[in-house]
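Peer 1: need a 3D model of the following:
(2 chains)
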Amino acid sequence: MSDITKQSLTELVENIKNKKLSSTDVTKAFIDRSEKSVELNAYITNDFTSALDKAKKFDQKPNLDLKLPGIPMAVKDLFCTKDIKTTAGSKILNNFVPTYESTVTENIWNEGAILLGKLNCDEFAMGSSNETSFFGNVQSPIDKNLVPGGSSGGSASAVAGQLTPVTIGTDTGGSIRQPASFTGIVGLKPTYGSCSRYGIVAFASSLDQAGPMAQNVKDCALLHEVISSYDPKDSTSIEFKRNHYSKELTNNIKGKKIGIPKEYRVDGMPKEIEDLWQKGIQYIKDCGAETIDISLPNTSYALPTYYIVAPAEASSNLARYDGVKYGFRAKGENLIDMYEKTRSEGFGAEVQRRIMIGTYVLSSGYYDAYYLKAQKVRKLIKNDFDEAYKKVDAILTPSTPSSAFKIGEKTNDPVSMYLNDIFTVPVNLAGLPGISIPAGHDSKGYPLGLQIIGKAFDEQNILNIAYAMEEKINFKNKITDWWIK
Amino acid sequence: MSIDLKTIKHISKLARISVDEQRAEKLAGDLNSIFDFIEKLNELKTDNVEPLTSIAETTLKLRSDEVKSKNIREQIIKNSPQDNEDYFVVPKVIE
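Peer 2: You can find the predicted model right below:
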């Protein structure tokens, strides 16, 4: 079967359960394709040899009751994997081998999946193009020298390029949804507290969430039901009734009320994005749901708020990288000198920039003006959503204000890079779930995504809306295999 | 407002990141353009708004104070940058 890597997760699971394919067949196919795809630079570390061993072991005594029986899977290199190097895309963790496993990856292996390797990402997940990684740029399978988005850029590239059937990323301000949109795949940012943060390299703890990235909505729902769990090891993990999201998936969204927020019509937004949004509104109506114009008045304050809150939390989370307990250490004349050189040589430019912003806004004399102010505006942004959800069940917006851009195009202008996340950031600030689905192409043939934002803990509803829309949109990703010689 | 080189030096000291002159100038430029963008928040009146301190509206759970990880000294030391025995080794701090 040469077309194994073209199959969806759902098909692969079915074929393994029906014994039409073995885990070894599937694992081999994805390893072969990954090996031919070095030019994408999607992997930081591969674990192919032991993946194949695990697949063979699985086939000897297959447990076909599991949800991911013998399915190979690569994951973002932000998840700690026991005995497998975990770098977070940073020089400072280049030699770090965790002695423990993150809860979400543990959940995945417990359901029978097999680790293929660790996927490239922006350093400490700080970036929107995967260009801040210490391990180099990731190429998009869509076109040469095109960014895959970020920070889960390696993850997006690996799913769209069929190097892994599905994957997990993390999303602090759009890091799952924006790369999903740029590469024509589906990405879900779950409700804050739905997936455990235990064992995930921390960026901004009040915003970070792990989530699935997949070729289609059903695969996304299946992976989400595996990774979402209550975990006492994460004090912000929330106990609530988690669905069998894939089993309960339905395209019947008749009578649902979908809000269209006027503030997402931003200045300078390309007409192609507006047209896509209008098409989305039509699809919603075709599905028998209703659209309602709503207002989220504080939307334009979300990005400035995010660029106070996220760097503030990052500056404190990243204080642990001091060259003492683990990671890279530079030589210094004394202890302080060692700290300062380690952090100066170990962190890349974007990470240093954010630590500096964070340190500044938390420093004496500026805390009230910046950090406290941002927390107050964050409250207003959350109130906007609470108010809107009195009238609607979900909200439809574009995922990004443009399609993917070229490598190097925005690296010299941090603010223009930050503007990429204008539609995704409010969702993290309010702790809500959001899903990006591929919905069309621009004139260059690059994918464009639509975002559905839900109420807290209402993942099933946005998955259903995405599922219904997916059927109407009938999106075909244009993957030419340009990188395979 | 404007962030000058003196401020950059001060923040870099607080953040324990050594920054040379060239880097400091670049950072000052970047931070100024980012803060110009952040200043937009001043348009909003927030005097009577409660700050959002936790997005998950739950109270922290209590648990019994039990030791769950035993004999993990080796694991903890394993990733430290120098060959340590039972300690983390750092440059000398006492003369």
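Peer 1: ok so residue A:279 is a strand residue?
Peer 2: No. Counting by DSSP: H, G, I helix; E, B strand; the rest coil, residue A:279 falls outside a strand, being helix.
Peer 1: so how far is chain B from the closest residue to it other than its chain neighbours?
Peer 2: Using C-beta to C-beta, 6 or more residues apart in numbering or on different chains and skipping residues adjacent in sequence, the residue nearest residue A:279 is residue A:440, 6.5 Å away. Every residue, glycine included, has its C-beta placed from N, CA and C. Distance, residue A:440 to chain B, by C-beta to the nearest C-beta, to the nearest Å: 30 Å.
Peer 1: report the beta-bridge partners for residue A:440.
Peer 2: The partner list for residue A:440 in beta bridges (DSSP bridges) reads residue A:448.
Peer 1: show me what contacts it?
Peer 2: The neighbourhood of residue A:440, defined by C-beta atoms under 8 Å, 6 or more residues apart in numbering or on different chains, consists of A:276, A:279, A:447-448, A:473, A:475.
Peer 1: apply 10 Å and report the result again.
Peer 2: Residue A:440 makes contact with A:184, A:272-273, A:275-276, A:279-280, A:403, A:446-450, A:473, A:475, according to C-beta atoms under 10 Å, 6 or more residues apart in numbering or on different chains.
Peer 1: residues in contact with the residue most central in space within chain B?
Peer 2: Residue closest to the mean C-alpha point of chain B, counted by C-alpha atoms, centre = their mean, is residue B:15 at 6.8 Å. Residue B:15 is in contact with A:315, A:318-319, A:339-340, A:343-344, A:347, A:352, A:355-360, A:363, counting by C-beta under 10 Å, 6+ apart.
Peer 1: can you tell me which of the residues you listed are up against chain B?
Peer 2: Among these, proximity to chain B is found for A:315, A:318-319, A:339-340, A:343-344, A:347, A:352, A:355-360, A:363 (C-beta under 10 Å from any C-beta of the partner chain).
Peer 1: neighbours around residue A:418, how many?
Peer 2: Residue A:418: 20 surrounding residues under other C-beta atoms under 10 Å in any protein chain shown.
Peer 1: a helix runs through it, doesn't it?
Peer 2: Yes. Counting by three-state DSSP, residue A:418 is part of a helix.
Peer 1: burial of residue 6, as a residue count?
Peer 2: Using chain A. Using other C-beta under 10 Å, residue A:6 is surrounded by 13 other residues.
Peer 1: my bad, chain B
Peer 2: Residues near residue B:6, counting by other C-beta under 10 Å, number 10.
Peer 1: what about residue 35, neighbour count?
Peer 2: Unless you meant another one, I'm taking chain A. Around residue A:35 there are 12 other residues, counting by other C-beta under 10 Å.
Peer 1: that's the wrong chain, I wanted chain B
Peer 2: Neighbours of residue B:35 (other C-beta under 10 Å): 19.
Peer 1: could you tell me how far it is located from residue A:59?
Peer 2: From residue B:35 across to residue A:59, the span is 58 Å (C-beta to C-beta, to the nearest Å).
Peer 1: let me see the contact set for residue A:230.
Peer 2: A:103, A:193-194, A:196, A:237-240, A:242.
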